[in-house]
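In: With the sequence up front, the predicted model follows.
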Amino acid sequence: MAKETTATGSDTAQPQYKVDYREIQAFGTLKHLPISLEDNARAQSVAILNQVLADTMTLRDLYKKHHWQMSGATFYQLHLLLDKHYEEQAELVDLIAERIMALGGISIAMAPDVAEMTTIPRPPKGREDVPTQLARLLEAHEIILRQAHEGASAADDAGDDGTNDMLVSNIIRTNEPQVWFIAEHLAETSLVRSDR
């Protein structure tokens, strides 16, 4: 059986992987979509959501860092809890990015862009003690929750019900219980009770 060839004689099954790279939508621009929202409302929501996205990606990665570097008497419980929270934050990352795209915007995606945009303080590369790790997580949650509350209010004022709902129903309602679970680990209780 003869191979199928193009007019130039090359195999058609050969992947054409050498292409000229081209951008089809610049970051910071909006694609028109018939979703019944004004451009200024969509642009405002995209900007808010990209900031929440950058910080959520940072929090997600902070959870994984502390999951790997956990130590101490509660290692096993915290190791599992931090990984569970990591998975929940990873789901939020996808949800936020897809909302940005549904608004006609472009979501940030790459680590250097996240590092430029995040407002969460960068931890050291080394391992920190458990209270420091948990306090860092709580600080990051507070930053995101503040953004989510402010963003939900702005989206509501602009008539962007979808963004408002996502910020309240997903971002706030995921982050608040995570804060509770993490904060309770910082309560001053002894591991052993002595009745002497």
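Out: Done, it's in. These numbers were taken from a predicted model, which means no experiment stands behind them.
In: Return the set of buried residues in the biggest helix by length in the chain.
Out: Of all segments of type helix in the chain, defined using DSSP state H, the longest is helix 39-69. Within helix 39-69, the residues scored as buried using 16 or more other CB atoms under 10 Å are 41-46, 48-67. All C-beta spots, glycine's among them, are computed from the backbone N, C-alpha and C.
In: what about that helix, average pLDDT?
Out: Across helix 39-69, pLDDT averages out at 97.
In: angle of the helix or strand just after that helix against helix 39-69?
Out: Per DSSP states H and E, helix 39-69 leads on to helix 75-102 as the next helix or strand towards the C-terminus. Using axes from the mean of the first three to the mean of the last three CA atoms, to 10 degrees, the inter-axis angle of helix 75-102 relative to helix 39-69 is 160 degrees.
In: Can you name the residues that contact the nearest residue to residue 105 once chain neighbours are set aside?
Out: For residue 105, ignoring the flanking residues on the chain, the nearest one in space by CB to CB, 6 or more residues apart in numbering is residue 46 at 3.4 Å. Residue 46 is in contact with 30, 100, 103-106, counting by CB atoms under 8 Å, 6 or more residues apart in numbering.
In: so where is the chain shaky, pLDDT-wise?
Out: When residues are selected by pLDDT under 70, those of the chain lie in 1-11, 189-196.
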